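[1] predicted coordinates and the sequence they were generated for:
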Amino acid sequence: MGVMGGNKWFSADYSTSRHRFLKLAEAAGASLESLPIPGQAPDGDPLAIDVAWLGPRGARRAVVVSSGTHGIEGFMGAAVQLALLDELPALPDDVALVLVHAINPYGFAHVRRVDGQNIDLNRNFLRPGETWTGAPDGYAELDALLNPRTAPGLGSRAAFLARAASRLARTGLGKMKGIVAGGQYTHPRGLFFGGNGPSASMEVLAEAVPRWFGAMEHVLVVDFHTGLGKRATYRLLVDHAPDAPRVAWLKQRFGSGVQPWDAGDGVAYAIRGGLGTWMKATLPDTEVDVLAAEFGTVGVLSVIAALHLENRAHQWGTPEAPATASAKRAMMDVFAPFDPGWRDAVTDKGHRIVLQALAAIQDPV
């Protein structure tokens with residue numbers, strides 16, 4: 001079973017997506033819980049992490065489908081969630097399907113990848129004993145390139161791409177990704193900032209996750225992302241060592257797209273503060289697999305250029321400036337392209353991944 005016309009499940013904005021999610025979840029008979037997050041959407045609507053629970057509350061196993069960990073990337077993940085709610089898949093015995101809409105509702109609402117404190121949530125989920133300090137070697141040297149203290153203007157994108165391409169040629173793609181995107185805790189207004197402490201979303205989930213899943217045997221999370229890899233293709237990135245038995249188990253059930261974050265194939269890269277490692281530490285008595293389902297859109301330099309310009313516009317520009325509007329449009333082109341063909345393809349593929357997860361959760365751990 002696939003999704004035909006997946007483009008229809010993409011919403012115009014966060015508030016529309018949220019209202020659709022809540023309406024469809026109620027119609028599907030889901031148990032609903034809303035976890036408020038400080039702030040509001042541009043239209044004044046409140047922000048919340050909304051959770052639709054389908055299946056028994058006392059289930060021993062769960063498939064969790066989450067969207068919007070990286071704000072704007074929630075357009076795609078939420079589309080998959082809406083398609084699932086519109087035509088519910090059959091749930092195996094003793095299995096719950098839990099849909100988590102907009103882990104970072106601020107970024108979703110404001111067309112940003114980060115939250116209201118400029119925190120990249122997938123660099124913020126540090127485990128007990130880790131500290132929100134430090135940066136990859138070389139990040140400070142790139143600060144002037146990545147985070148200039150000026151608003152963008154005409155020619156800013158071309159100038160950035162030229163400088164970034166030159167630096168990339170000297171450094172190499174794999175090393176450059178690790179330096180830029182691995183997670184930094186020293187430049188609060190810069191790219192890939194992991195915070196100086198727990199984000200609002202982390203604090204909310206730190207209370208909820210043990211309550212939801214602490215007594216379960218196995219939790220399999222599909223966390224949807226966009227902007228990494230070849231257009232309309234995907235990788236399922238996991239927080240396991242390359243030779244771990246869990247990687248072989250997951251590949252048997254999801255295919256060759258499964259790979260560790262630091263597999264070194266030019267697509268992924270090692271990060272700090274990821275949701276997957278935190279989930280495993282938070283649920284020590286539960287088998288936890290977190291698949292970051294990364295769907296490709298455009299090339300890596302175009303992704304970084306869009307993030308660079310949007311951050312400059314947000315930090316140093318004004319909301320009404322033409323450059324700010326241009327930067328927001330570029331973010332949509334990179335993380336939620338308007339191309340109906342791309343939207344149809346990724347919604348269908350994302351839906352199929354969830355069906356694979358529901359089949360896999362029935363197998364012995």
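    That came in fine, so what should we check first?
[2] got the residue ranges for the helices in the protein?
    14-27, 74-86, 105-110, 139-146, 156-171, 173-181, 200-213, 245-254, 275-282, 300-316, 322-335, 340-360 (DSSP state H).
[3] residue ranges with poor pLDDT in the chain?
    The model of the chain has pLDDT under 70 over residues 1, 263-268, 365.
[4] repeat the analysis, applying 80 as the threshold.
    The chain contains residues with pLDDT under 80 at 1-4, 262-269, 364-365.
[5] show me what the longest strand along it is packed up against.
    Taking DSSP state E as the criterion, the chain has its longest strand at strand 218-231. Under the contact criterion of 3 or more CB pairs under 8 Å, 6 or more residues apart in numbering; DSSP states H and E, strand 218-231 touches strand 61-66, helix 74-86, helix 275-282, strand 287-296, helix 300-316, helix 322-335, helix 340-360. Just so you know, the C-beta spots here come from the backbone N, C-alpha and C atoms, and that holds for glycine as well.
[6] distance from that strand to the middle of the chain?
    The chain centroid and the centroid of strand 218-231 are separated by 7 Å, computed with CA atoms, centre = their mean, to the nearest Å.
[7] list the buried ones in that strand?
    For strand 218-231, burial by neighbour count (16 or more other CB atoms under 10 Å) applies to 218, 219, 220, 221, 222, 223, 224, 225, 226, 227, 228, 229.
[8] how about those residues, which pair is most distant?
    Spanning the widest gap among these are 218 and 227, at 29.2 Å by CB to CB.
[9] now do the same end-to-end measure for stretch 233-241.
    Start-to-end span of stretch 233-241 (CA to CA, to the nearest Å) is 23 Å.
[10] list the buried residues of that stretch.
    Within stretch 233-241, the residues that count as buried by 16+ other CB under 10 Å are 234, 235, 236, 237, 238, 239, 240.
[11] okay, now the domains of this protein?
    Using automatic domain parsing, the domain ranges for the chain come out as 6-131+196-298+336-360, 139-190+303-330.
[12] most neighbours per residue, which of the ones you listed?
    domain 6-131+196-298+336-360 (a mean of 20; mean count of other CB atoms under 10 Å).
[13] how long is that one end to end?
    End-to-end distance (CA to CA), domain 6-131+196-298+336-360: 24 Å.
[14] off-centre distance for that domain?
    Here domain 6-131+196-298+336-360 is found 6 Å from its chain centre; the criterion is CA atoms, centre = their mean.
[15] one more: stretch 321-332?
    Its chain's C-alpha centre and that of stretch 321-332 lie 21 Å apart, by CA atoms, centre = their mean.
[16] to residue 29, which of the helices and strands packed on strand 218-231 lies closest?
    Closest to residue 29 of the helices and strands packed on strand 218-231 is helix 74-86 (CB to CB; 10.2 Å).
[17] closest to residue 174 out of the helices and strands packed on strand 218-231?
    Here helix 300-316 is closest among the helices and strands packed on strand 218-231 (CB to CB), at 10.8 Å.
[18] that closest one packs against which elements?
    Short answer (3+ CB pairs under 8 Å, 6+ apart): helix 300-316 packs on helix 156-171, helix 173-181, strand 218-231, helix 322-335.
[19] try it again with 6 Å
    The helices and strands touching helix 300-316, judged by 3 or more CB pairs under 6 Å, 6 or more residues apart in numbering; DSSP states H and E, are helix 156-171, helix 322-335.
[20] quick revisit: dump the helices of the chain to CSV, plus distance to residue 262.
    Listed next are the helices of the chain as CSV, based on distance: least, CB to CB, whole Å:
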stretch, distance to residue 262
helix 14-27, 32
helix 74-86, 23
helix 105-110, 25
helix 139-146, 17
helix 156-171, 17
helix 173-181, 9
helix 200-213, 22
helix 245-254, 12
helix 275-282, 12
helix 300-316, 16
helix 322-335, 23
helix 340-360, 22
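[21] so which of the buried residues of strand 218-231 comes closest to residue 320?
    For those, the closest approach to residue 320 (CB to CB) belongs to residue 227, at 26.7 Å.
[22] from residue 291, how far off is that closest one?
    In this view, residue 227 and residue 291 are 16 Å apart by CB to CB, to the nearest Å.
[23] sweet, I'm off.
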